[in-house]
Each structure stands twice: as C-alpha cells, then as structure tokens.
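*Asks:* structure for this input, please:
(chains A and B)
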Amino acid sequence: MRKLGARILAGPYMIWMLVFTIIPLLLILYNAFTNTGGQFTLGNVAAIADPVNAGPLWLSLKMSVAVTGICLILAFPLALILRQISSDKNSFIVMIFILPMWMNFMLRTLAWRLILLNNGFLNQALNIMDMDPIYLMNTKTAVILGTAYDYFPFMVLPIYNALVKIDRDVIQAAQDLGAGDWVILGRIILPLSIPGIVSGITMVLVPSMSEFVIASMLGGGKVYMIGNVIEQAFNSGYADTHLGCGLSLSLMGLIIISMIAYYFFDRGGEGSALW
Amino acid sequence: MVKKKIRGVFSRCYLGLILIILYLPILMLIIASVNASPRNKAIWQGFSLQGYVDLFENETIRQALITTLLLAAGAGLIATVLGTMVCIGMMGMRKRTRAAIMGVTNIPLLNADIVTGIALMLLFSRFVELSFWTMLVAHVTLIIPYVTLSVQPKAAQLNMSAYEAAIDLGATFPYAVWKVVLPELMPGILTGFLLAFTMSLDDFSVTYFTKAPGIHTMSTMINAEYRRGIQTEIYALSTLVFLIVLLALFLMNRRSRTAQREGE
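*Replies:* Numbering: from 1, shown residues only, chains lettered A, B, ... in the order given. Predicted coordinates:
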C-alpha cells in the first residue's frame, strides 16, 4: 500500500450516496411513472401540462428569474467594491455582508413579515412621513423581496470569490496600456467573473424556484408556486404521492439544465468555495 | 483624482445602502422582541423583556433548539468523516472514477431541497419508521457535498512526497494518514464541517419531509407556530441567535488577526 489512497476509504461514502441519493431518486422516477396500482402511466408526468400545475410552474419560473436578477444586479457592484477594499477572502468587511446568512432563514423570512404586514413597520414609517400605505403582504412582490433577501449572500460569495482571483497585475497592465475603467470592467473583470456569476445564478435560481415555505409565509396562500403544488400533493387531504413525484420531475428537469450550465462554466469551483 | 474621490464616495454609499437592506429586517426582529405589545409586534407599546423570560420557560422552543443542535452537530460530524475519507480514498483512483464520484456528490447540492426531501421520504416510508435517526440520515445526505467539495481541493494539492517519506521511514498506512495527510487537509475539513453545520441549521425543506411527528427543529417549529401565540419568544430567540453569530464573528476576526500577527 505504497500509493496513497486506500480506495476502501471511499467505500462508506459511495454506499451512502448510492442508498440515500441515487436510490431515492430512482424511487421518485418509479412513482412518477406508475399509478397507485403499480401500473405504468404517463398521467402523473403529463399532469404538469394541466393549467392547474402549469400556472404555478410558470409563476415560479418568472419569480425565480426576478429574484435572481435582483440578487445579481445588487451583488455584482457589491462584490466589486468589496474586492477593492479587501484582498483577503475571509476579511472582516466581507463577513459583515455574509453574516445574515447564518441566521436561520425562517427567522429572516419572519422579519420580512414584520416589515410588510399591513400595519407593519413599512406602513408605520410611511404613515409618519405622511404617505399612503403600501399593502405588499400576500403579494408576489413580498415573496420576491423575501426570497431575494434570503438568497442574496449566495450570489455575493461566488462572484466575490471569482473577482478576488483576478490578478491585479492584469488590471494594472490594461491600465498602463491605456484602457479606461469601463473597458477594464467590460473586457477583463466581467469575462473573468463569469464562472462566479454562473455559480451565483445556479445557487439562487434553483432554490428560489422550488421554494414553498417563503411563498406560504409571505404570500399567505395567495402566491401559489410549483413548490406549494408539490408539497400539497404530499401533505394535504388530497395527497397523491404518484402525482407529487410526477410533478417533481419538472423541477428535476430544470435542475439538470442548470447542472449542465454549471459544469460548462464553473471550472474554478467558485460555487463550492463559499468560505 | 477627483474622479477617484467621487467613486470612493459612491462605493461607500452603496455599501451603506446594502448594509441597511441586510440589517434592517434583523433590527426589526430585535425591536419586536422587546415590544410589550401583546398581539401586533409591529406596533410599539412599550419596552418589555417578557419575551426573553418566556423563551427560557418554553418547552417547545427548548426541545426544538436541542434537536436542531444535535442534528447539526451529529450530521456535520458524520458528513465530515465520510467526506474526508472519500477524499483520501479518491487519490488512489483513476480520473474517471473520481469524476463519477464528484458528479454524484453534486446531486444533493444542485437538486432542489424539496426533491431531496421527497426522495428521502419515499425511501424511509417504504422501509422504516420516521424518527430522529431518519432526520439525521437526511441531514447527512443534504450536507455531505459541502464537506467533499471543501476537502477535495486540499487533497488534490497534497504533497505526496511527505507521505511517501513517512511510509519509507516505516510508518504504517493509518499512522501516515493520521500524522501527515490529515494535518494538511485540516483547513478544508474545518471549512467543510462549519459549512455543513450551517446548512443543517438552516434547512427547512428536507427536515419538513423527513421529520417524525412530534419532533421539531427550529425551522419546522417556526413554521408551525409563527401564526399562533409564541411570536415574542421566537423574536427573542432570533435576537439571541443574531448576537451569538455576531459574537462568533468578532472572536474569529480577533483570532485570525492574532494569528496573522504571530505569523509575521
């Protein structure tokens, strides 16, 4: 055993992944393509085309794109500024911006309820300033705001990690050769930060698309996303495991697409290098 | 020069703005936790610490807190051991096998939590009763990729000659791994554990689908209770959680500064 890597050490992990990752996914597939009697059917998978299910799926898509867009637009300049004022990956100032991530995300969502409730902090502040109240609670806007807040750090970190890796000499060289700020941004910084941006997008898009608890906390049952539909298929009076599995396949399909994008772009591993 | 100054001011304003957006909701939780108002926590009706007193007498919250911490620590530990072992094991493998393992590793990471939760629920409900242990297994499965992906880069950079020298000098394989390999992997292992721990603390979806009736983590407890009476306690708890996290950050910052100074 001269060569390092007793392969047997990988054994428990491989068994674990097989039993608890691959087999459960196969179970979803099996349930999706069978009915309660165990016969083959395409009905559960085709159910996604039913407007009752297609509507929430489309809504989830639109909302997660909005959330991802908001996060990206706010996070990129932040990551740029953070890169300039700190060169250290774990520096204090960066941590300050990641800190809310360590609060339980249900607590973070609860905080948004306090702000957005009809007589919550927002409307009280507006009242003091003599402005008309805004009723955001139980709207799509509320869910989008809450979700964007929850996932913001997951966009900042990968982009920041990609930006920190950019060699300062490269930028210096561009400056010496007469490139302006915008040229440097557009032709050096932006292309080099693409892996980070792609990681950030996957890390925000997929979870925000399948989210169901934020929608129920801030949407009050009025914002019905695909996650809520699937959850209801398992946990309501009309529970139908097979239908729920069939509908989950739509989410898995979207995830496979994002996985391919992830492999294509994220060769540096910014997504996993959270710290 | 003027342009640079303007940009500096703009940067500062932007940082300030984002900070306000990030911390305003947390400030609201803190205000709500000391608000004496019995029903609507957004309407100020005087200062009171009753929420904090109730918090420590509330059995539901105490149980949920204990379960959450046990799960996070237990699952974090198991995931760290398994993840580290596979990273050491992978070094002796062909590139293709390694790629296959890393591919499988990415599945729980990229898969929607709700799908992971449902998949595990299907497996458990077929073969066993849902219990604390099924929750533990579910959490390990959810967080294991974070360990593997933190340790693997360190394992790839490992200096093989140090290990080979140890073997040449008569070290047994376990001894060499313990004394030579593990210390080099340590930063990755620690990062992986912390990340796994945090992800377990934060999880709602997977727990929601795999939890046994009667057992709550913080997340599922909040989901079950936030519309009902125990709001103030939850706000008090979130204030405490925030203060602990803040304190941990300051301590970490001080420690790394001291470490830096010693390094110089």
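*Asks:* chain B contacts on the stretch 101-250 of chain A?
*Replies:* Selection of the stretch 101-250 of chain A residues close to chain B by Cβ under 8 Å from any Cβ of the partner chain yields A:101-108, A:110-115, A:117, A:119-121, A:124, A:149, A:152, A:202, A:206-207, A:209-210, A:212-213, A:217, A:227, A:230-231, A:234, A:241, A:244-245, A:248. All C-beta spots, glycine's among them, are computed from the backbone N, C-alpha and C.
*Asks:* mind listing the helices for the stretch 101-250 of chain B?
*Replies:* Listed in chain order, the helices of the stretch 101-250 of chain B (DSSP state H, counting those that start in this stretch) span residues B:113-127, B:132-156, B:160-168, B:173-176, B:182-202, B:205-210, B:218-225, B:231-263.
*Asks:* okay if I get those helices as JSON lines plus distance to residue B:17 and mean neighbour count?
*Replies:* As requested, the helices of the stretch 101-250 of chain B are exported to JSON lines (distance: least, Cβ to Cβ, whole Å; neighbours: other Cβ atoms under 10 Å in any protein chain shown):
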{"stretch": "helix B:113-127", "distance to residue B:17": "30", "mean neighbour count": "23"}
{"stretch": "helix B:132-156", "distance to residue B:17": "31", "mean neighbour count": "24"}
{"stretch": "helix B:160-168", "distance to residue B:17": "49", "mean neighbour count": "15"}
{"stretch": "helix B:173-176", "distance to residue B:17": "53", "mean neighbour count": "14"}
{"stretch": "helix B:182-202", "distance to residue B:17": "25", "mean neighbour count": "20"}
{"stretch": "helix B:205-210", "distance to residue B:17": "31", "mean neighbour count": "24"}
{"stretch": "helix B:218-225", "distance to residue B:17": "29", "mean neighbour count": "22"}
{"stretch": "helix B:231-263", "distance to residue B:17": "21", "mean neighbour count": "15"}
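*Asks:* which of those has the lowest average pLDDT?
*Replies:* Lowest mean pLDDT within the helices of the stretch 101-250 of chain B: helix B:231-263, at a mean of 78.
*Asks:* for the nearest residue to residue B:205 once chain neighbours are set aside, what are its contacts?
*Replies:* Beyond its immediate neighbours in the sequence, the residue positioned closest to residue B:205 (Cβ to Cβ, 6 or more residues apart in numbering or on different chains) is residue B:113, lying 3.7 Å away. Applying Cβ atoms under 8 Å, 6 or more residues apart in numbering or on different chains, one finds that residue B:113 lies in contact with A:207, A:210, B:142, B:203-206.
*Asks:* neighbours around whichever residue of chain B sits closest to chain A, how many?
*Replies:* When distances are taken as Cβ to the nearest Cβ, chain B approaches chain A most closely through residue B:92, which lies 2.2 Å from it. Using other Cβ atoms under 10 Å in any protein chain shown, residue B:92 has 17 other residues around it.
*Asks:* now residue 13: which helix or strand?
*Replies:* Picked chain A for this. Taking DSSP states H and E as the criterion, the element that holds residue A:13 is helix A:11-17.
*Asks:* chain B was what I was after
*Replies:* According to DSSP H and E, residue B:13 maps onto helix B:2-33.
*Asks:* after that helix comes which helix or strand?
*Replies:* Defined by DSSP H and E, the subsequent element after helix B:2-33 is helix B:50-57.
*Asks:* hmm, back to that, mind listing what's buried in the helix holding residue A:13?
*Replies:* A:13-14, A:16-17 (16 or more other Cβ atoms under 10 Å in any protein chain shown).
*Asks:* same list (those) but as JSON lines, adding distance to residue B:218.
*Replies:* JSON lines is the format used below for the buried residues of helix A:11-17 (distance: Cβ to Cβ, whole Å):
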{"residue": "A:13", "distance to residue B:218": "28"}
{"residue": "A:14", "distance to residue B:218": "32"}
{"residue": "A:16", "distance to residue B:218": "26"}
{"residue": "A:17", "distance to residue B:218": "27"}
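*Asks:* nearest to residue A:256, of the residues you listed?
*Replies:* Of all the buried residues of helix A:11-17, the one with the least separation from residue A:256 (Cβ to Cβ) is residue A:17, at 17.7 Å.
*Asks:* per-residue pLDDT, the closest residue to that closest one other than its chain neighbours?
*Replies:* Across the structure, with Cβ to Cβ, 6+ apart as the measure, the residue nearest residue A:17 apart from its sequence neighbours is residue B:104 (5.0 Å). If you check residue B:104, the pLDDT there is 85.
*Asks:* what number of residues lie near residue B:104?
*Replies:* Around residue B:104 sit 17 other residues, with neighbours defined as other Cβ under 10 Å.
*Asks:* list the buried ones in the one helix or strand residue A:72 maps to?
*Replies:* Using DSSP H and E, residue A:72 maps to helix A:51-85. Using 16+ other Cβ under 10 Å as the burial criterion, the residues of helix A:51-85 that qualify are A:53, A:56-57, A:59-60, A:63-64, A:66-68, A:70-72, A:74-76, A:78-83.
*Asks:* wait, does it contact chain B?
*Replies:* Yes: looking at helix A:51-85 against chain B by Cβ under 8 Å from any Cβ, the contacts come from A:74, A:77-78, A:81, A:84-85.
*Asks:* now those residues as a markdown table including pLDDT and distance to residue B:9?
*Replies:* Shown next, in a markdown table, are the residues of helix A:51-85 next to chain B (pLDDT from 0 to 100; distance: Cβ to Cβ, whole Å):
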| residue | pLDDT | distance to residue B:9 |
| --- | --- | --- |
| A:74 | 93 | 19 |
| A:77 | 91 | 14 |
| A:78 | 92 | 16 |
| A:81 | 89 | 12 |
| A:84 | 82 | 14 |
| A:85 | 81 | 13 |
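*Asks:* between those, which is nearest residue A:179?
*Replies:* Within the residues of helix A:51-85 next to chain B, distances to residue A:179 taken as Cβ to Cβ reach their minimum at residue A:84, with 16.8 Å.
*Asks:* could you give the number of residues near the spatially closest residue to that closest one that is not a sequence neighbour?
*Replies:* In space, not counting the residues next to it along the chain, residue A:84 is nearest to residue B:11; the distance is 7.2 Å by Cβ to Cβ, 6+ apart. As a burial measure, the neighbour count of residue B:11 was computed by other Cβ under 10 Å and equals 17.
*Asks:* over to residue B:17?
*Replies:* For residue B:17, the count of nearby residues is 12 (other Cβ under 10 Å).
*Asks:* same question, the one 3 residues further on
*Replies:* The number of residues packed near residue B:20 is 10, by other Cβ under 10 Å.
*Asks:* ok, now the one 4 residues further on?
*Replies:* By other Cβ under 10 Å, the residues close to residue B:24 number 14.
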